[in-house]
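In: The following block contains a protein sequence and its predicted model.
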Amino acid sequence: MEPLSVARIISDVVLLVDHKIHEKAVNLRLPAVPDDLLVYGEENSLKQVFVNLLINSAEAVLEHGTVEVAVKRIEADNCVEVSIIDDGCGIPSEIIDRIFDPFFSTKAGKKNTGLGLSICQHIVESHEGVIMCSSEENTVMSVRLPIYRP
């Protein structure tokens with residue numbers, strides 16, 4: 001565990017999933033994230049979370065759909081919230097409470113195990129954070145992590 005720049009994590013993750021974004025001609029909106037916004041964590045684990053969330057969003061949108069990464073500091077809670085927002089097919093209200101369950105999936109196919117979001121939840125919680133989902137007009141996956149204070 002070490003202090004990590006949220007800007008660098010997001011930048012690195014976008015490079016890792018760039019092929020998926022271009023494959024579907026997805027419009028990716030990225031914010032300018034302050035370089036001094038730090039969290040305390042294990043770099044590769046946090047990257048794994050955001051890679052998974054970005055790929056899920058890219059797969060959920062139609063060609064030329066939009067995926068946005070939003071980052072905000074929440075001073076009252078001393079945390080940073082990174083949200084992945086897409087205008088894809090959405091998550092039906094009757095299953096949204098189950099999406100973090102191990103082996104639960106809405107994706108058809110042999111490559112999918114239904115463990116991605118469950119693993120993401122475990123990683124975020126091990127960093128004393130929380131992962132949340134809402135799916136109304138857009139699907140929003142939000143990760144809140146404590147801000148690193150030296």
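Out: All right, it came through fine.

In: make it CA atoms for all contacts and neighbour counts henceforth
Out: Fine.

In: what does the worst-scoring helix or strand of the chain on mean pLDDT contact?
Out: One helix or strand of the chain scores below all others by mean pLDDT, DSSP states H and E: helix 116-126, with a mean of 90. Contacts to helix 116-126, defined as CA atoms under 8 Å, 6 or more residues apart in numbering, come from residues 45-46, 48-49, 52, 99-102, 130-131, 143, 145.

In: now do stretch 45-62
Out: Contacts for stretch 45-62 (CA under 8 Å, 6+ apart): 9-10, 12-14, 16-17, 20-21, 24, 26, 67, 84-90, 116-117, 119-120, 123-124, 141.

In: Whichever of those end up buried, select them in PyMOL.
Out: Per 16 or more other CA atoms under 10 Å, the buried members of the contacts of stretch 45-62 correspond to this PyMOL selection:
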select buried, resi 10+13+14+17+21+26+67+84+85+86+87+88+90+116+117+119+120+123+124+141
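
In: Out of the contacts of stretch 45-62, which sit inside helices?
Out: 9-10, 12-14, 16-17, 20-21, 116-117, 119-120, 123-124 (DSSP state H).

In: Looking at those residues, which is nearest L38?
Out: L38 lies nearest to I9 out of these, by CA to CA, at 10.0 Å.

In: For the closest residue to the closest one other than its chain neighbours, which three-state class applies?
Out: Closest residue to I9 apart from its sequence neighbours, by CA to CA, 6 or more residues apart in numbering: K47 at 6.3 Å. Counting by DSSP: H, G, I helix; E, B strand; the rest coil, the backbone at K47 sits in helix.
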